[in-house]
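K.L.:
Return a 3D structure for these sequence lines:
(one chain, ligands or ions: 1)
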Amino acid sequence: MFIGDLTRTDYARGLPKVLVDICEHLKTLDLAGLENGRHDLTDDIYMNVMTPETDFAANKKAELHHKYIDVQLLISGAENIEYGAAYPDLSLYEAYNEQDDYQLTSSEFADKNVILMRPNMFVVFLPYEPHKPCVVVDGKVATLKKLVVKVPVSLL
Ligand code: CU
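P.N.:
All right, here's what the predicted structure looks like:
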């Protein structure tokens, strides 16, 4: 997992090159003007732009991926992202959806942490790093704009 802020001049320090290249590309875009939906960045890398409503953690499932890295960038609004650092107990997860590369669970994280996301912050989840995005901040439901870049882990 990596956390950063795209507006920092030194945000790229320590980030793998493939992720730096993506972030540099994101910095050239009018993020607020991006249309919702899938945008292909290369033959292998794409992003989903979305305007979800936040919800209470109890109403949401946590997810993890096997093959793709998530680069989650918040464009506007504020969201909490819950995550756990420990290796997940996959017996608590639903069956793996191979087509869309995700596995969900309704279980609480045994070791829950929370990142408060602000605009221009990004967080990178590597495969098997569980995360629960779009959780309310201060108990208030709100609409976000965010994007998630999907990067095959084989490119790392
Ligand atoms: Cu994800």
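
K.L.:
who's in contact with the residue nearest to residue 77 when sequence neighbours are not counted?
P.N.:
Leaving aside its chain neighbours, residue 77 sits nearest to residue 144 (3.7 Å; criterion: Cβ to Cβ, 6 or more residues apart in numbering). Every C-beta, even on glycine, is put in place using the N, C-alpha and C of the backbone. For residue 144, the contact set (Cβ atoms under 8 Å, 6 or more residues apart in numbering) comprises 50-54, 74-79, 134.

K.L.:
average pLDDT for stretch 127-138?
P.N.:
The average of the pLDDT scores along stretch 127-138 is 98.

K.L.:
hang on, the earlier thing: just checking, which of the contacts of residue 144 belong to strands?
P.N.:
When the contacts of residue 144 are checked against strands (DSSP state E), the matches are 50, 74-76, 79, 134.

K.L.:
Run a quick neighbour tally on whichever residue of the chain sits closest to the ion.
P.N.:
Among all residues of the chain, residue 70 sits closest to the ion, at 4.1 Å; criterion: Cβ to the ion. Taking other Cβ atoms under 10 Å as the neighbour definition, residue 70 ends up with a count of 24.

K.L.:
what's around the residue lying closest to it once chain neighbours are set aside, how many residues?
P.N.:
The spatially closest residue to residue 70, leaving aside those adjacent along the chain, is residue 125, at 4.4 Å (Cβ to Cβ, 6+ apart). Other residues near residue 125 come to 22 when the count uses other Cβ under 10 Å.

K.L.:
what separates the residue lying closest to residue 61 once chain neighbours are set aside from residue 27, distance-wise?
P.N.:
Take residue 61 and drop its neighbours on the chain: the residue closest to it by Cβ to Cβ, 6+ apart is residue 104, 4.3 Å away. Counting by Cβ to Cβ, to the nearest Å, the gap from residue 104 to residue 27 is 32 Å.

K.L.:
Cheers, nothing more for now.
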